[in-house]
Each structure stands twice: as C-alpha cells, then as structure tokens.
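K.L.:
Model the following, please.
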Amino acid sequence: MAKLYFYYASMNAGKSTTLLQADFNYRERGMQTMLWTAQLDNRSDDQAIESRIGLGADAHRFAGETDLWTDITAANKVEPLDCVLVDEAQFLSKEQVWQLARIADQGGIPVLCYGLRTDFQGELFPGSAALLGIADALVELKAVCHCGRKATMNLRVDESGAAVAEGAQTEIGGNDRYVALCRKHFSEALHG
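P.N.:
A predicted model of the protein is given here:
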C-alpha cells in the first residue's frame, strides 16, 4: 500500500538533500520518479531543486492552480511512476495535499513531501497543516541552533541580521533571510 509521507523541519535541515538522495536511490534501482517543487521558489536558474551542499535536479513546478492529480496520473500513463517527490511542500494548497493523498491511495504511488512546518512567526503553512493532518507518516528532520539544541523555528532577518516580526507569510530566501533556531532563541530574538 502506497503512503503519503511528510518530512518536515526548519531551514537548513537538509530537506532538499534528503529528497535528492531518495530520488537517486529510486533511479539507481531502475525506478521512475517524478519531482515537483514550488513555482514561486525561483532562486535558481539552473535546477528547480537545489540543496545547500550543491546537489540539484530538474523538477516540475506547481502553482496554486496546478492540478497535481491530473498532471501526475497523465505522466503515470506514459511511463509508470514508482514514486513522486515534492520539495517546498509547505506551499501546497490543502486541495493539492488531498490530490497527493489520492495519488497514494488510488494511484498506488508513494508520495514523499518535504517542507517547512512553520513560517517565521511560528504559524503553520497551509500545505504543512494539511500534511500534518492527513499524511500516513510524519518524519522530523533535524537542524541545529547556534546553541546546539534542535532548531525547530525559522527566524526571518533583515539585511543587517535583525529579527523581522511582521510581513507576508511567504518571502523566498536562504541563509541571507532566515536563521534556524531553537524555540528559546527564536522567542528571545523576536520578543527580547
């Protein structure tokens, strides 16, 4: 029975690296995969999915209106898929998460989603909330705070490194805009 998986963590925990390793493992065994990532994350011109350690791969890009059920089942008819892997899964809509669950349940294809659990204010993203609610398996990947504790929060910072407490939920950026922190240091940075 295929399952819907959600691998979640703060920034810098190796989510994209883990996704690319899983993709490599499937392909090394002669299996067919389909990779997806958020269209709004356009930081790289070369490859759709890139890890901080230099690994990368091309991928299909989803937007809010993308019907993942239709696109994935159409691709599966052309060449049977053994796994679907989704990076930046926090940007999925609730409806898209249910489409991916349907891929696992009715299509019989395992779906591995990787993403952030919470935003820079400690709030769940819509895709993450839906995945936390309905995924068959939840796997927390670990990042490390500067104090050595597990980093679970994503602090948004400005150009000078000061904490940002307000703004749009989604602002694409890497180490220049976000710092992974434990809850204690996240709270101290935001509230003093």
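
K.L.:
so where do the helices sit in the chain?
P.N.:
15-28, 68-78, 94-105, 126-134, 183-191 (DSSP state H).

K.L.:
which other residues reach the fourth one?
P.N.:
By C-beta atoms under 8 Å, 6 or more residues apart in numbering, the list of residues contacting helix 126-134 from outside reads 4, 6, 8, 89-94, 96-98, 101, 113, 115-118, 124, 138. Every C-beta, even on glycine, is put in place using the N, C-alpha and C of the backbone.

K.L.:
Put the buried members of the residues you listed into a ChimeraX selection.
P.N.:
Here is the ChimeraX command that selects only those of these that count as buried (16 or more other C-beta atoms under 10 Å):
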select :4,6,8,89,90,91,92,93,96,97,98,101,113,115,116,117,118,124
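
K.L.:
Show me what counts as buried in stretch 109-129.
P.N.:
Buried residues in stretch 109-129, defined by neighbour count with 16+ other C-beta under 10 Å: 109-121, 124-129.

K.L.:
For residue 166, give me its contacts.
P.N.:
Neighbours of residue 166 in contact, by C-beta under 8 Å, 6+ apart: none.

K.L.:
measure stretch 149-156 end to end?
P.N.:
End-to-end distance of stretch 149-156: 19 Å, with C-alpha to C-alpha, to the nearest Å as the criterion.

K.L.:
Return the set of buried residues in it.
P.N.:
For stretch 149-156, the neighbour count (16+ other C-beta under 10 Å) marks 151-156 as buried.

K.L.:
quick check: mean pLDDT across that stretch?
P.N.:
For stretch 149-156, the mean pLDDT works out to 90.

K.L.:
Which strand residues bridge the residue nearest to the spatial centre of the chain?
P.N.:
Nearest to the geometric centre of the chain sits residue 115, at 2.2 Å (C-alpha atoms, centre = their mean). Judged by DSSP bridges, the bridge partners of residue 115 are residue 8.

K.L.:
For it, list the residues it contacts.
P.N.:
Residues near residue 115 by C-beta under 8 Å, 6+ apart: 6-8, 15, 86-92, 125, 127-128, 131.

K.L.:
try 7 Å this time
P.N.:
Contacts for residue 115 (C-beta atoms under 7 Å, 6 or more residues apart in numbering) come out as 8, 15, 88-90, 127-128.
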